[in-house]
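A.B. asks: Mind folding the following:
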Amino acid sequence: MNQLQKKIAYKAIDENVEDTTARQIIRYVIECELWRQDTVSPSNQYLSSKYNWSLETAMVAISKAKKSQFITTTGYGKKRCLELNVSFLKGKMAEIYQKNIRSKIDFSDVLPNTLPNTLP
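C.D. replies: Residues are numbered from 1 along each chain as shown. Purely as a prediction, here's the structure:
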């Protein structure tokens, strides 16, 4: 993933995930996947110390990140792994890319304005 793709991915996350802590979890998983780590299985204690959160905040952040569909988890407890939902991320990245390249089309010169301006 080059820098432009990474920027588009982060923008897709920012536009589709409201909670900032969930965004950080998703970005953490993306970075781990980019560094080609086989398993991403941080404990809640690790995440809370990394981001200076409470344990409850880390658990809620993971839950909200899962609800956003950008990541999924497999296993539970110490064997829990966080996995990036690549196809979902690519779809959201495509939406962001399409918004940026598509210009607004104005048909005012092609179609005459047949309705009077006095209509409510």
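A.B. asks: in what helix or strand does the residue nearest to the spatial centre of the chain lie?
C.D. replies: The residue lying closest to the centre of the chain (C-alpha atoms, centre = their mean) is residue 13, at 2.4 Å. Assigned by DSSP states H and E, residue 13 belongs to helix 3-16.
A.B. asks: Put the alpha carbons of that helix into CSV.
C.D. replies: Output for helix 3-16, consisting of C-alpha atoms alone and laid out as CSV, is shown next (Å, rounded to 0.1, in the frame of the first residue of the first chain):
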residue,chain,number,x,y,z
GLN,A,3,1.1,6.6,0.7
LEU,A,4,-1.9,7.7,-1.5
GLN,A,5,-3.8,4.5,-0.8
LYS,A,6,-3.0,4.8,2.9
LYS,A,7,-4.3,8.3,2.9
ILE,A,8,-7.5,7.2,1.2
ALA,A,9,-7.9,4.3,3.7
TYR,A,10,-7.5,6.6,6.7
LYS,A,11,-10.1,9.0,5.1
ALA,A,12,-12.5,6.1,4.6
ILE,A,13,-12.1,5.2,8.2
ASP,A,14,-12.6,8.8,9.4
GLU,A,15,-15.8,9.2,7.4
ASN,A,16,-17.3,5.9,8.4
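A.B. asks: Check which helices and strands that helix sits against.
C.D. replies: helix 20-34, helix 86-101 (3 or more C-beta pairs under 8 Å, 6 or more residues apart in numbering; DSSP states H and E). Heads up, the C-betas are built off the backbone N, CA and C, glycines and all.
A.B. asks: list the buried ones in it?
C.D. replies: When neighbours are counted by 16 or more other C-beta atoms under 10 Å, the buried residues of helix 3-16 are found to be 8-13, 16.
A.B. asks: Including pLDDT and distance to residue 80, could the residues you listed go into JSON lines?
C.D. replies: Converted to JSON lines, the buried residues of helix 3-16 look like this (pLDDT from 0 to 100; distance: C-beta to C-beta, whole Å):
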{"residue": "8", "pLDDT": "89", "distance to residue 80": "29"}
{"residue": "9", "pLDDT": "90", "distance to residue 80": "23"}
{"residue": "10", "pLDDT": "92", "distance to residue 80": "24"}
{"residue": "11", "pLDDT": "93", "distance to residue 80": "28"}
{"residue": "12", "pLDDT": "92", "distance to residue 80": "25"}
{"residue": "13", "pLDDT": "93", "distance to residue 80": "21"}
{"residue": "16", "pLDDT": "92", "distance to residue 80": "23"}
